[in-house]
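Colleague: okay, structure incoming, though there's no sequence with it:
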């Protein structure tokens, strides 16, 4: 079965996000006010083959831990759907 | 009222995603097989003030079009929730 895993990797709350700060300023400069905070991370879409959702979940977890997220500075969340 | 807008900006399907290709190879190298495709984009979280969801929606739409997404190469999707 094929699964689609959608992963969001974000810098942890307590860590400064300079890219987000720059975009916040950029939004003000193009006339969009009342922006209180901007944070920018990665959105990763994996399409993978697995026998069941459990295996897909395991693969997603290992992928995040081993390669996609830096656990010292980043948090990750993902959702799995069958395709 | 405060709203949280979660935006995903992804390269369009028909455009090559070299970062995704590199990560796909990386996943194979750390022992995760059966990965069929990887695409990488941006996940942007905006926290903004608006009088209602409609205004929040408008601000999100303008932010994407004017600054966050390059409409020639990228697609965007967002969800809005009250915080």
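Modeller: Nice, I can see it. Quantities reported herein were computed from a predicted structural model and do not represent experimental measurements. Numbering: from 1, shown residues only, chains lettered A, B, ... in the order given.
Colleague: show me what counts as buried in whichever helix or strand residue A:80 is part of.
Modeller: Following DSSP states H and E, one finds residue A:80 within strand A:74-82. Neighbour counts over strand A:74-82 (16 or more other C-beta atoms under 10 Å in any protein chain shown) mark A:74, A:76, A:78, A:80 as buried. C-beta: built from backbone N, CA, C; applies to glycine.
Colleague: near chain B too, which of those?
Modeller: Filtering the buried residues of strand A:74-82 for neighbours of chain B using C-beta under 8 Å from any C-beta of the partner chain leaves an empty set.
Colleague: in its sheet, what does the strand holding residue A:80 sit against?
Modeller: Strand pairing for strand A:74-82, using DSSP bridges, gives strand A:2-11 (antiparallel).
Colleague: how many residues are close by residue A:20?
Modeller: Burial of residue A:20 is recorded as 19 neighbouring residues (other C-beta atoms under 10 Å in any protein chain shown).
Colleague: contacts for the strand holding residue A:80 next, please.
Modeller: Strand A:74-82 has contacts (C-beta atoms under 8 Å, 6 or more residues apart in numbering or on different chains) with A:1-12, A:41, A:53, A:56-57, A:60, A:64, A:68-69.
Colleague: how about a cut-off of 6 Å?
Modeller: A:3-12, A:56, A:60, A:64, A:69 (C-beta atoms under 6 Å, 6 or more residues apart in numbering or on different chains).
Colleague: one more: stretch A:7-27?
Modeller: Outside stretch A:7-27, the residues that reach it (C-beta under 6 Å, 6+ apart) are A:35, A:38-44, A:68-69, A:73-78, B:43, B:63, B:67.
Colleague: ok, stretch A:48-61 next?
Modeller: Contacts for stretch A:48-61 (C-beta under 6 Å, 6+ apart): A:2-3, A:5, A:78, A:80, B:32, B:34-35.
Colleague: please repeat the previous calculation with a cut-off of 10 Å.
Modeller: Contacts to stretch A:48-61, defined as C-beta atoms under 10 Å, 6 or more residues apart in numbering or on different chains, come from residues A:1-7, A:44, A:46, A:63, A:68, A:76, A:78-83, B:27, B:32-38.
Colleague: give me the buried subset of those residues.
Modeller: Buried, going by 16+ other C-beta under 10 Å: A:3-7, A:44, A:46, A:63, A:68, A:76, A:78, A:80, B:27, B:32, B:34-35, B:38, out of these.
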